[in-house]
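K.L.:
Kindly return the folded structure for what I paste below:
(chains A and B)
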Number of protein chains: 2
Amino acid sequence: MPGILNGLRVVEGSAFVAVPLAGMTLAQMGADVIRFDRLQGGLDSGRWPLAPSGKSLFWAGLNKGKRSLAVDMSHPEGKELITRTITAPGEDAGVFLTNLRVRGWMDYETLSKLREDLIMVTLLGDRHGRPQVDYTVNPALGIPDITGPEGHDAPVANALPAWDLMAGHMCVSSVLAAERHRLRKGVGQEVVLTLKDVAAATLGHLGMIGDAVLNETARTKSGNALYGAYGQDFLCADGRRIMVIGLTGRQWSGLVKTTGTQTEMAELARATGRDLGNEGVRWELRREITEILTPWFAARPAAVIGEIFDDAKLTWSEFRTVKEAVEQDPDLSPDNPVFTALAQEGLGTFPVPGHAAVFSALAREAPKPAPALGSHTEEILSEVTGLDDTEIARLFDEGIVGSSARRTLYSAA
Amino acid sequence: MPGILNGLRVVEGSAFVAVPLAGMTLAQMGADVIRFDRLQGGLDSGRWPLAPSGKSLFWAGLNKGKRSLAVDMSHPEGKELITRTITAPGEDAGVFLTNLRVRGWMDYETLSKLREDLIMVTLLGDRHGRPQVDYTVNPALGIPDITGPEGHDAPVANALPAWDLMAGHMCVSSVLAAERHRLRKGVGQEVVLTLKDVAAATLGHLGMIGDAVLNETARTKSGNALYGAYGQDFLCADGRRIMVIGLTGRQWSGLVKTTGTQTEMAELARATGRDLGNEGVRWELRREITEILTPWFAARPAAVIGEIFDDAKLTWSEFRTVKEAVEQDPDLSPDNPVFTALAQEGLGTFPVPGHAAVFSALAREAPKPAPALGSHTEEILSEVTGLDDTEIARLFDEGIVGSSARRTLYSAA
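P.N.:
Residues are numbered from 1 along each chain as shown, chains lettered A, B, ... in the order given. Have a look, this model is predicted:
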């Protein structure tokens, strides 16, 4: 089944979240993505969460649909094989995506000598060449300081590697933008981005740098409140917790009407001399508003509130655990065409997501499992790198390349 | 200065984070991005944070470098103008990006009749057509349940609209992938994605759905610890807080060596019969490891630790407030080529980010400010929509289009 990026070939040298996500996303859009790894597997081969078997669910999730090439990268011939794979001919090939520290043999200058129109996208830690991960960039920029319950005195880091995820998607658009340029102008190029720059720029895009420079009062922790307007979590009669949004004028008036708190809100406006129709006023008076709304939520179980809110077309959701979400929400199951129940060797069967966007020109592609380490070594060396059977046999025999699935088979042939 | 996407024209009908970010990102990569809005401005025109003047820093941040078209969308002629702008001729035009609820006149079916090769990328709330925002998707998927201090009994939402940001970047790659397809096959298409699907799929990509299905023990809150390996925050002698990472083998052995805790770690391994060289074991024994390391941090101020860690090439950072980060970190200042000190009307001067990725084939583009509402109405109607001066004058006179900057000037002409 052809994907939207059919024909494009990307070679990936990576580990962890961002670049593997980028390669996986390109693969799920139909590109031929070849990830190369050391013979013992990448630095992320055992990353948690793990399946009961001990195999990494993280690795399986971030390498779906790729082809795997396993090479002894410390061996000169191994290096040459990777070089040849990256710079192999093909109009839509010659794209290299990496977050590995560049050494002479694998940098743009060296590789582009072998393929002049090479596109190389590199994600680094920061612009000083220092290593950075999501867990270090986030504290340095101050997000944990504004996360968590009001008055809590310690920083609270996010459980989601948000900067990594964003940087990964920026690697995807970097590949596509550079390939568009190559298609039109015939030239390749190097694209460099750093995790810290991605995060710092995003802070600026959201207005937070201007806020810090221009305003005396700094933003503080505000629990689960929607920043800058109204949105709050409430405990319901059955102990469940609901989030409801009053960001737009329509959401706000709908919330007031649905909870029957028009009189109390009018009284609050009168007493404070403020206009609750202004989103910033709702933010400043959020505690008073929440106090007015609290009894309404406390008097009804979550399921009843959900029905009332759906009827009123309010924007709301219920807090859940990940397990509850996975067990109860059809949107995280094969009921949603994004997901397919996929049996994966050594892991088990569970709903696996394809690409979230649907391109109408092509049928939706079902997700493919991640490859076993080196399971495509032989076919890549033959089809992409252009080696003959004798050379390939020698490389396997000398342990310069490997395949968890085929090495024995190959040796036996 | 030409950007990497030079020539591409995108029309954006949007509000809030995701789609405005997508359009802004395309604009910062060199595309001509036209955002249209109601005469009174979009739903996000007053979104916090605000400058001391009351003007939105959020809007200024997410609409940089776009052209602004202000139209009365309730007027039939206003609708027609938007339709004509979206479907205007031009090989690299005919791309429409939106998160507005599709109504008859603005849906793909109607628009593609006027321009057959139209590319339309639409971001919706969820697949059921329900409205969703970052603040509702996140609780529904369970992230707040695993965020926050160990043992804290309430969910903790993230201060960063991570799903919105990710969805925005996926809109960017959706535009580029569909345009690549159009360039090769000559056909346009509709691309649809939903915020909830983006988040749900990402949960799966990270292995969290497999984890929830296959494992009995659910992941719980673990404070600021790096999940699945070792990484922890520590209070230093001066009350500052540092995050240090022991994810890879090299980071871990470097941390043990640098803190001189080899004996204690060996003793811990012996007492528990576990191998601390295994990242999962470090995760399971994180409390014991942290107890061993705590005195070393408590005995030194953060600045001293930072120097020691830099010398040892460890991966670490210091927790800061956003204000501290902006005031102290050169990476968030014009010292970093990503940032330019930009004077913006009605806001003030502060460091404004350009696109985080650097494309070597072209000079880096400095960020441009966001437009004033409707400030390009006249030139767009003339150049893009192809109206003559008389028609444009009539539209301004009848209040069907507007421009905060030029309306008076135009009427006076």
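
K.L.:
Show me which positions of stretch A:135-155 end up buried.
P.N.:
A:135-148, A:155 (16 or more other CB atoms under 10 Å in any protein chain shown). For every residue, glycine as well, the C-beta is placed using N, CA and C.

K.L.:
ok, now stretch A:28-44?
P.N.:
In stretch A:28-44, counting by 16+ other CB under 10 Å, buried: A:28-39, A:41-44.

K.L.:
Grab the nearest non-local neighbour of the spatially most central residue of chain A.
P.N.:
Nearest to the mean C-alpha position of chain A, by CA atoms, centre = their mean, lies A:Leu165 at 3.1 Å. Nearest residue to A:Leu165 in three dimensions, chain neighbours excluded: B:Met166, at 5.4 Å (CB to CB, 6 or more residues apart in numbering or on different chains).

K.L.:
Let me know the pLDDT of the one you found.
P.N.:
For B:Met166, the pLDDT comes out at 98.

K.L.:
what's the answer for the one 4 residues further on, then?
P.N.:
Reported pLDDT at B:Met170 in the predicted model: 98.

K.L.:
do A:Glu365 as well
P.N.:
87.

K.L.:
Packing partners of the lengthiest helix in chain A?
P.N.:
Assignment by DSSP state H gives helix A:162-185 as the longest helix of chain A. When contacts are defined as 3 or more CB pairs under 8 Å, 6 or more residues apart in numbering or on different chains; DSSP states H and E, helix A:162-185 sits against helix A:18-28, strand A:95-98, strand A:119-124, helix A:134-141, strand A:189-194, helix A:195-205, helix B:162-185, strand B:358-359.

K.L.:
quick one: contacts of the fifth one?
P.N.:
It stands for strand A:189-194. A:108, A:112, A:119-127, A:132, A:167, A:170-171, A:174-175, A:177-178, A:181-182, B:356-361 (CB atoms under 8 Å, 6 or more residues apart in numbering or on different chains).

K.L.:
Could you do the second one as well?
P.N.:
Contacts with strand A:95-98, where a contact means CB under 8 Å, 6+ apart, come from A:8-14, A:19, A:22-23, A:26, A:86, A:106, A:111, A:118-123, A:171, A:175, A:178-179.

K.L.:
To which secondary structure element type does the closest residue to chain B within the stretch 1-150 of chain A belong?
P.N.:
Across the stretch 1-150 of chain A, the shortest distance to chain B (CB to the nearest CB) belongs to A:Trp48, at 2.7 Å. Per DSSP: H, G, I helix; E, B strand; the rest coil, the secondary structure class of A:Trp48 is coil.

K.L.:
OK, contacts around it?
P.N.:
Contacts of A:Trp48 by CB under 8 Å, 6+ apart are A:56-58, B:207, B:227-229, B:279-280, B:283.

K.L.:
check whether stretch A:301-317 contacts chain B.
P.N.:
Yes - against chain B, stretch A:301-317 shows contacts by CB under 8 Å from any CB of the partner chain at A:310, A:313, A:315-317.

K.L.:
Take those residues and keep only those in strands.
P.N.:
A:316-317 (DSSP state E).

K.L.:
On the three-state scheme, A:Asn6 is what?
P.N.:
coil.

K.L.:
Who are the contact partners of the spatially closest residue to it that is not a sequence neighbour?
P.N.:
What sits nearest to A:Asn6 in space, not counting adjacent residues and going by CB to CB, 6+ apart, is A:Gly30, at 4.5 Å. Applying CB under 8 Å, 6+ apart to A:Gly30 gives the contacts A:2-6, A:8, A:362, A:365.

K.L.:
where does A:Gly30 land in three-state SS?
P.N.:
Classification of A:Gly30 by three-state DSSP places it in coil.
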